[in-house]
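# Okay, structure incoming, though there's no sequence with it:
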């Protein structure tokens with residue numbers, strides 16, 4: 001088990017990271033706004049599954065193998081960027097049904113919401129890199145089984161992420177009522193979300209180059 005000092009330090013860093021806006025937070029907010037709190041929480045379930053997948057890969061050493069393969073990171077990174085650009089286009093395309101539009105939006109099934117949340121997280125290779133680079137900094141071989149320490153730290157980050165994102169999704173859902181009463185605001189919100197998602201896609205590509 002990691003000692004209390006390492007666990008506390010890791011928890012504080014995890015809290016700081018989850019409070020930083022990114023693809024997961026923006027997707028959960030937009031889904032909660034356009035379809036309500038329950039949809040946001042279901043989407044959060046998919047995001048959490050992505051966290052668990054990458055955390056287990058990092059803990060078992062699989063992630064290190066993936067990043068050792070030439071171009072593997074780039075393939076995942078560009079796939080994530082393309083996915084974000086697709087979401088941005090769905091938000092702003094003329095006559096289209098944006099997943100971020102509050103009015104006239106067909107409700108997605110719980111299964112689709114879950115899968116979309118999972119893909120949003122899975123196609124962000126920074127999550128894998130985060131676990132791979134961060135976990136080893138707080139693991140002490142003298143404190144026992146390294147795999148057990150990795151799992152404790154990883155699930156600590158996931159619990160913090162779930163709590164914070166759940167509160168965000170629940171708060172964002174109440175905005176749907178306001179947007180429904182002001183169609184102009186809803187239109188602005190569509191373009192704002194589309195622009196932000198496109199910017200995130202560009203940032204994902206350029207960050208990888210650096």
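Perfect, thanks for sending it. In this text the structure is predicted, and so the values were computed from the model without any measurement.
# Same question for residue 205, what's its three-state structure.
Secondary structure for residue 205, judged by DSSP: H, G, I helix; E, B strand; the rest coil, is helix.
# How about it, nearest residue that isn't a chain neighbour?
residue 81 (5.1 Å; C-beta to C-beta, 6 or more residues apart in numbering). C-beta: built from backbone N, CA, C; applies to glycine.
# was I right about the one you found contacting residue 201?
Yes. Residue 81 is within contact range of residue 201, at 4.2 Å (criterion: C-beta atoms under 8 Å).
# Most distant residue from the centre of the chain?
residue 142 (33.1 Å; C-alpha atoms, centre = their mean).
# Tell me the predicted confidence for residue 143.
Per-residue confidence (pLDDT) for residue 143: 75.
# Can you give me the distance of it to residue 82?
Residue 143 sits 42 Å away from residue 82, going by C-beta to C-beta, to the nearest Å.
# cool, and residue 4?
From residue 4 to residue 82 the distance is 43 Å (C-beta to C-beta).
# count of residues packed around residue 1?
13 (other C-beta atoms under 10 Å).
# for it, what are its contacts?
143, 144, 148, 149, 152 (C-beta atoms under 8 Å, 6 or more residues apart in numbering).
# redo that, cut-off 6 Å
residue 144 (C-beta atoms under 6 Å, 6 or more residues apart in numbering).
# if I pick the residue nearest the centre of the chain, what's in contact with it?
In the chain, the residue lying closest to the centroid (C-alpha atoms, centre = their mean) is residue 24, at 2.5 Å. Counting by C-beta under 6 Å, 6+ apart, residue 24 makes contact with 47, 121.
# repeat for residue 110
Taking C-beta under 6 Å, 6+ apart, one finds residue 42 in contact with residue 110.
# Residue 78 sits in which helix or strand?
In the assignment (DSSP states H and E), residue 78 maps to helix 72-92.
# what mean pLDDT does that helix have?
72.
# what's downstream of it, the next helix or strand?
helix 110-122.
# How far off centre is stretch 164-171?
13 Å (C-alpha atoms, centre = their mean, to the nearest Å).
# actually stretch 115-129, not the one I wrote
Counting by C-alpha atoms, centre = their mean, stretch 115-129 comes out at 6 Å from the chain centroid.
# quick one: which of residue 4 and residue 82 has more around it?
Higher neighbour count among residue 4 and residue 82: residue 82, with 14 against 8, using other C-beta under 10 Å.
# Identify the residue nearest the more buried one in space, chain neighbours excluded?
Closest residue to residue 82 apart from its sequence neighbours, by C-beta to C-beta, 6+ apart: residue 201 at 7.5 Å.
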